[in-house]
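Asks: Build the 3D model from these lines:
(2 chains)
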Amino acid sequence: MSDRSAPSHYAPGTHPDLPPPVRTTGIVGWVRANLLSSPLNVVLTLLSIWLLWTILPPAIHWLFTEAVWSAQDRKECWALMNEPRDAACWAFIRGSFELFVYGWYPEPERWRVNLTFILFIAAIVGGLRENIPGKKYWLIFAAAFPFIAAWLLLGGFGLEPVSTNKLGGILLTLVVAVTGISFSLPLGIALALGRRSNLPALRGVCVIFIEFIRGVPLITLLFVASTMLTYFLPPGSTFDLLMRVLIMVTLFASAYIAEVVRGGLQGLSTGQYEAADSLGLSYWKSHRLIILPQALKISIPGIVNTFIGSYKDSVLVLIIGMMDILGLGRARLNDPDWLGLAPELYIFISLFFFISCFAMSRYSLNLEKKLHTGH
Amino acid sequence: MNQETTSASTQSRLDPSDEKVISIKGMHKWFGDFHVLKDIDLQVARSERIVICGPSGSGKSTLIRCINRLEEHQQGSIVVDGTELTQDLKNIEIIRSEVGMVFQQFNLFPHLTVLENVTLAPIWVRKLPRAEAEEQAMQYLERVKIPEQAAKYPGQLSGGQQQRVAIARSLCMNPRIMLFDEPTSALDPEMIKEVLDVMIELAESGMTMLVVTHEMGFATAVADRVIFMDGGEIIEEKPPVEFFERPEHERTKLFLSQILHH
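Replies: Below you'll find the predicted structure:
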């Protein structure tokens, strides 16, 4: 203390807690520190400004200012611009919007799709929010939601039946992705626990399953689902194509989830297992109360990563002839009314995927922050 | 455990009716090819306090971990409170709910609050209603002198506080026997005293305790017997006064000279 350059005003042991100094740099200071602090940074800053100058105004011009928002077909669209392809023809998307969202779902029944979507949002919000009253009922509802959704979308028991090949576009993408994601998580956890089991038969089955699924591309499994599965089933039984695809997508994702969860389980210190054991907790109780909450929390980044991957993998159903949003979009491109508007289509589809995936990613960060209890 | 009867209980502590809560006979254990415990014979009476010491690698932690089946023995028998430790899961779970364990690394559950940590086992193993479990938990938290930390998470507590919560967590199951595996070895010196005070109070209330430790002051104050282990064998087993002043074996003398030096 006696080595200080400025003399202290306080006797030893009486120094009060002072607030930290306010950052005096402000925005000019930030610019100087981050953008102009060295010759290299100055060059990069100038380069970036030049790049933004050349790219942004034309992009905004093409995307928004000169874009045509309503027209009957491509010819009219381009007629409304200075030159064809001078700007985006969003009329294409607006004109095809219902097709892209509902596929070929019969018009009078579309309220069922809307209702399913609303219930889906409700199930997510209710199942995932912490302090919601009646949490138990929300969880039961979330668990029952897949069956409610199946009834609403496909009909039967009082609702007009709708054949599964009428599902298409965003509706089909969401059905495949959400089913795959929600069923693969419990299955993946079970596989991870089975792989760590002391029973050799169970462990063997889990390992074989996981390694086989990971060793084969999803497309191959989808081909198997669409062509070969009938050979493995009793003769005469038909199994709806959509159902086969859903099963394959779920099994595929669950193998990846299993490995992510297994990593989380390994990341727990053995002391946690021992403390749970020494208190007399059975295998299932200790896993439910102690082990899995911690392991799943560690695994959140890996799990959400796999979910986002599965979500985008749903476009692979295109290969076996099912029309998800990408398949339907490309089919619409061949419509003579809208020939040649590929950029608009792909921007729209990319935006759709980006918004959903980014939302999942942000939610997972939110979840991690909420669960962080400081250890 | 009631605190009012300390003086009375110290006198009638060692029950002359020879009731052995732990009876280990001819126990051997191997880790693969490594013979870690050799021919262990140990009898512990109710309310007896045993301190086990020895160099690292001597098998002392392994010995007490065999008692609640965190480790399996390959030969010999271990009988805890009348139940023999075998492969039978039911027996193991019965024994584990009667034997409490405190670890060197505390092993509190970091995703639960202190109160939830302590009430978890009574609620889920003893099936107590939540209100009753919480009341009992608060009593034990007061006994280890940290009732005000009940709503905090383990990550927010100091080492000494965490270890005391760990002790309260084990006590809440009302065990017959408490095992301590180097409870103060991971603590800063100024926190060792607060944990040892809790352990001394526990000992004086009549709990059967097996403590693996290097704290010889604790052994002198509270132990009925001190056991010295080396190389997987019990070398010497004596009441503390005789152990420290008249050790018999060379290895014991060597060990004592090394640790009592500071």
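Asks: can we go C-alpha only for contacts and neighbour counts from here?
Replies: Fine.
Asks: who's in contact with stretch A:193-201?
Replies: By C-alpha atoms under 8 Å, 6 or more residues apart in numbering or on different chains, the surrounding residues in contact with stretch A:193-201 are A:202-204, A:206-207, A:262.
Asks: Please state the offset of that stretch from the chain centre?
Replies: The chain centre lies 30 Å from the centre of stretch A:193-201; the measure is C-alpha atoms, centre = their mean, to the nearest Å.
Asks: That one spans what distance, first to last residue?
Replies: One end of stretch A:193-201 to the other measures 13 Å (C-alpha to C-alpha, to the nearest Å).
Asks: Please work out the average pLDDT along it.
Replies: In this model, stretch A:193-201 has a mean pLDDT of 94.
Asks: ok, now stretch B:27-38?
Replies: In this model, stretch B:27-38 has a mean pLDDT of 94.
Asks: So which residue is dead centre in the chain?
Replies: By default, I'm working from chain A. Centroid-nearest residue in chain A, with C-alpha atoms, centre = their mean: A:I308, separated by 3.6 Å.
Asks: my bad, chain B
Replies: B:L179 (1.8 Å).
Asks: ok, now how distant is it from chain A?
Replies: 10 Å (C-alpha to the nearest C-alpha, to the nearest Å).
Asks: isn't that residue right next to B:I64, touching?
Replies: Yes. In this structure, B:L179 is within contact of B:I64 by C-alpha atoms under 8 Å, at 6.8 Å.
Asks: Could you tell me which residues touch both of the two?
Replies: Among the neighbours of B:L179, those also in contact with B:I64 (C-alpha under 8 Å, 6+ apart) are B:L210.
Asks: I'd assumed B:S23 was in a strand, is it?
Replies: Yes. Counting by DSSP: H, G, I helix; E, B strand; the rest coil, B:S23 is found in a strand.
Asks: and the closest residue to chain B within the stretch 151-300 of chain A, which of the three is it?
Replies: Chain B sits closest to A:G280 of the stretch 151-300 of chain A, with a gap of 4.9 Å, by C-alpha to the nearest C-alpha. Following three-state DSSP, the label given to A:G280 is coil.
Asks: so it makes contact with B:V125?
Replies: Yes. Between A:G280 and B:V125 there is a contact at 6.8 Å, judged by C-alpha under 8 Å.
Asks: how about the strands in the stretch 101-250 of chain B?
Replies: For the stretch 101-250 of chain B, the strands defined by DSSP state E, counting those that start in this stretch occupy B:177-181, B:208-212, B:225-230, B:233-238.
Asks: what comes up buried for stretch B:132-145?
Replies: Using 16 or more other C-alpha atoms under 10 Å in any protein chain shown as the burial criterion, the residues of stretch B:132-145 that qualify are B:133-134, B:136-138, B:140-141, B:143-145.
Asks: Among those, which lie within helices?
Replies: For those, the ones inside helices are B:133-134, B:136-138, B:140-141, B:143, with DSSP state H as the criterion.
Asks: Any stretches of chain B with poor pLDDT?
Replies: Scanning chain B for pLDDT under 70 picks out the ranges B:1-18, B:261-262.
Asks: do the same with the stretch 151-300 of chain A
Replies: Applying pLDDT under 70 to the stretch 151-300 of chain A flags residues A:229-230, A:233-238.
Asks: can I assume A:R85 sits in a strand?
Replies: No. Read with three-state DSSP, A:R85 is coil and lies in no strand.
Asks: Run through the residues that contact the closest residue to it other than its chain neighbours.
Replies: Nearest in space to A:R85, with sequence neighbours left out and distances taken as C-alpha to C-alpha, 6 or more residues apart in numbering or on different chains, is A:W78 at 6.8 Å. Applying C-alpha under 8 Å, 6+ apart to A:W78 gives the contacts A:84-85, A:89.
Asks: Name the helix or strand for A:W78, please.
Replies: Using DSSP states H and E, A:W78 maps to helix A:74-79.
Asks: what does A:G13 give?
Replies: Using DSSP H and E, A:G13 falls outside every helix and strand.
Asks: Model confidence at it, what's the number?
Replies: If you check A:G13, the pLDDT there is 84.
Asks: Check the one 3 residues further on too.
Replies: The score at A:P16 is 87. That number is its pLDDT.
Asks: how about the residues of the stretch 251-375 of chain A near chain B?
Replies: A:271-272, A:274-275, A:277-282, A:285, A:290, A:293-294, A:371, A:373-375 (C-alpha under 8 Å from any C-alpha of the partner chain).
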